[in-house]
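Q: here is my input; please provide its structure:
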Amino acid sequence: MKKCIVLDLDNTLWGGVIGEEGFDNIELSLKPPGAGFMAFQQALLDLYDRGVILAINSSNNLEDALQVIRTHPNMILKERHFAAHRINWQDKVENMRALAKELNICLDSMVFLDDSPLNRESMRTFLPEVETPDLPTDTSQYSKFLHALPHFEHKTITDEDKMRGNLYVTERLRKETEKKFENREEFLKSLGIELAVRENDQSAISRVTQLTEKTNQFNIKKRPYTEDEIKMFMQDDTYAIFHGRAIDQFGDQGVIAFALVRKAQEIWHIESLLMSCRVVGRGIEDAFLAAIAKRAKDEGAQTLGITFEASEKNELARAFVERLFKNAQNVPVIQFQTPSWITLA
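A: Reported below is the predicted structural model:
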């Protein structure tokens, strides 16, 4: 599955070259050929509403492109729908790397759509991990082509899917706000982070199932679970399913953390622990584990244990486990603390 579609602009989202034809002469209307571009934008908006991230990688003058996006009466996709953009005259391969870094996603989760065969071939050569299909030469077929791509099928649409576009917009706001602080901890305190941790909550089954399927970087053991498996663990007294939902001054970030814990009388063992990488680094991962440790203590357990299995992508999770568990098999529950700037709800 892919997470993000990165789009060219000229002859991809609209017909013609904005820098040459000008605002009034680009093809974007209810009549052909402009209708094909409007249909394509609507198809992209449908994917956005299902949680697919949209971004722009275009060789253009920034002001010209933003004028169309912001003010053209037939633009279906607006500025708010794009999580990030690189509208400049830089190399598109380098732009793609920068977009992946800004969005904190892997290159192999991105799809690049560009009408130029030269740009597509360059992307395939230098970033083969980015999926770069050939667009149809007939622009009226763009929408049909998009619907036929196999990369964006979802079994269940969660609340977090519907929120995803806005989540990346608010993430940009957090990064801009952080620049105003010289001290990272002061910035984190300013966010007013609240973390709600729930145990065996069936309302979150679809979302936590999705997290086990999609999360790679902060994941101690890549093991997707089905909804039926999650329900089975919830019904088993020897296991507990935890999830965490985060909110701060910029908005609700949805369910962002999952843990599967096997409960014994004195030792609770964490068999699965993962978190959306977009919230990692703010102490939320520490707070989530501290909440589980408190729950363990309340039920009489003395220590937490954890299983870590290395993968090609989970170095982020390894660093976390090594920091908190320090290669120990079991750690006393009292050693896990919630950062002072986070409120457990």
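Q: just give me the neighbour total for the residue lying closest to residue 266 once chain neighbours are set aside.
A: Excluding the flanking residues, the one nearest residue 266 by CB to CB, 6 or more residues apart in numbering is residue 302, at 4.8 Å. Bear in mind the C-beta positions are built from the backbone N, C-alpha and C, glycine included. Other residues within reach of residue 302, judged by other CB atoms under 10 Å, total 14.
Q: what do you get for the one 5 residues further on?
A: Applying other CB under 10 Å, we find 13 other residues in the vicinity of residue 307.
Q: these two touch, right, it and residue 261?
A: No. With contacts counted by CB atoms under 8 Å, residue 307 stays clear of residue 261, the gap being 11.0 Å.
Q: quick check: neighbours shared by these two?
A: Both residue 307 and residue 261 are contacted by 269, 270, 271, under the criterion CB atoms under 8 Å, 6 or more residues apart in numbering.
Q: residue 229: which of those is nearest?
A: Taking CB to CB as the measure, residue 229 sits nearest to residue 271 out of the shared contacts of residue 307 and residue 261, at 12.1 Å.
Q: wasn't the closest one part of a strand?
A: Yes. According to DSSP: H, G, I helix; E, B strand; the rest coil, residue 271 belongs to a strand.
Q: spit out the contact partners of it.
A: Contacts of residue 271 (CB under 8 Å, 6+ apart): 221, 260, 261, 262, 307.
Q: likewise residue 211?
A: Residue 211 touches 255, 257, 258, 274, 276, counting by CB under 8 Å, 6+ apart.
Q: please flag which of these sit within helices.
A: Within the contacts of residue 211, no residue falls in helices by DSSP state H.
Q: tell me the SS of the nearest residue to residue 77 once chain neighbours are set aside?
A: Of all residues not flanking residue 77 in the chain, residue 41 sits nearest, at 5.0 Å (CB to CB, 6+ apart). Under three-state DSSP, residue 41 falls in the helix class.
Q: what's the burial count for residue 41?
A: Neighbourhood size, residue 41 [other CB under 10 Å]: 21.
Q: all helices for the stretch 51-200 of the chain, in order.
A: Under the criterion DSSP state H, counting those that start in this stretch, the stretch 51-200 of the chain contains helices at 62-71, 92-103, 117-126, 142-148, 159-178, 184-191.
Q: nearest to residue 229, out of those helices?
A: Once these are compared by CB to CB, helix 159-178 is nearest, at 19.8 Å.
Q: where does this protein have its least confident helix or strand?
A: Of the helices and strands making up the chain, the lowest-confidence element is helix 159-178, at a mean of 79, by mean pLDDT, DSSP states H and E.
Q: list the contacts for the residue nearest to residue 266?
A: Residues near residue 302 by CB under 8 Å, 6+ apart: 266, 267, 332, 333.
Q: can I get the residues you listed in TSV including neighbour count and secondary structure?
A: Formatted as TSV, the contacts of residue 302 follow (neighbours: other CB atoms under 10 Å; DSSP: H, G, I helix; E, B strand; the rest coil):
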residue	neighbour count	secondary structure
266	10	coil
267	16	strand
332	13	strand
333	21	helix
